[in-house]
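Trainee: fold the following, please.
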Amino acid sequence: MTPTIPSTSQPDASRDEVMSALFATMVVQQAQMALMLLGHMPHPETGQTITDLEGAQMFIEQLEMLEVKTRGNLSKEEEQLLKESLAGTRMAFVQTMESQGRPVTPTPAAPVVEQPQPAAPVPVAAGAAAEEESRKKFSKKY
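Mentor: Numbers count the residues shown, from 1 in each chain. Next up is the predicted model:
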């Protein structure tokens, strides 16, 4: 599925439609680059297949980043395209790893970032004593 980009000169093409088409094009390009680097698609200029697992992994990680950073801001179609692209490229990565006899280690899809907990208040007297002790430990003498 190749998305079509509405021309910005067309009066009926809204900015949202143009942005949606550009987003879809970017997702498809990232997925195609990953598949090409996994040897699942031939290089467009040479027609030869290549395998570059690190390069493919970078494109898959970029798709994962897009999924995390755009969460809640995509249309259903955009979200579906991104999920399908990620699933396809991840599966291709696993297939390539297995065909090369390399072990496949699962990685979390998106790390959960926990919010830092506020520090417990330190009594003023204890805080001053701790600061004074810290200065003693890390002061330089010339």
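
Trainee: residue 67 reaches residue 81, doesn't it?
Mentor: No: Residue 67 is not in contact with residue 81 according to C-beta atoms under 8 Å; the separation is 10.9 Å. Using the backbone N, CA and C atoms, a C-beta is placed for each residue, glycine as well.

Trainee: show me where this protein has its helices.
Mentor: 15-37, 53-69, 76-99, 124-137 (DSSP state H).

Trainee: let me have these in JSON lines, extended by distance to residue 43 and mean neighbour count.
Mentor: Listed next are the helices of the chain as JSON lines, based on distance: least, C-beta to C-beta, whole Å; neighbours: other C-beta atoms under 10 Å:
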{"stretch": "helix 15-37", "distance to residue 43": "6", "mean neighbour count": "17"}
{"stretch": "helix 53-69", "distance to residue 43": "12", "mean neighbour count": "16"}
{"stretch": "helix 76-99", "distance to residue 43": "15", "mean neighbour count": "16"}
{"stretch": "helix 124-137", "distance to residue 43": "59", "mean neighbour count": "9"}
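
Trainee: who wins for proximity to residue 46 among those helices?
Mentor: Across the helices of the chain, residue 46 has its closest neighbour in helix 15-37 (10.8 Å, C-beta to C-beta).

Trainee: quick one: contacts of stretch 78-94?
Mentor: Contacting residues not belonging to stretch 78-94 are listed as 1, 20, 23-24, 27-28, 30-31, 34-35, 38, 40, 53, 56-57, 59-60, 63-64, 66-67, 70, 74, 104 [C-beta atoms under 8 Å, 6 or more residues apart in numbering].

Trainee: cool, thanks, talk later.
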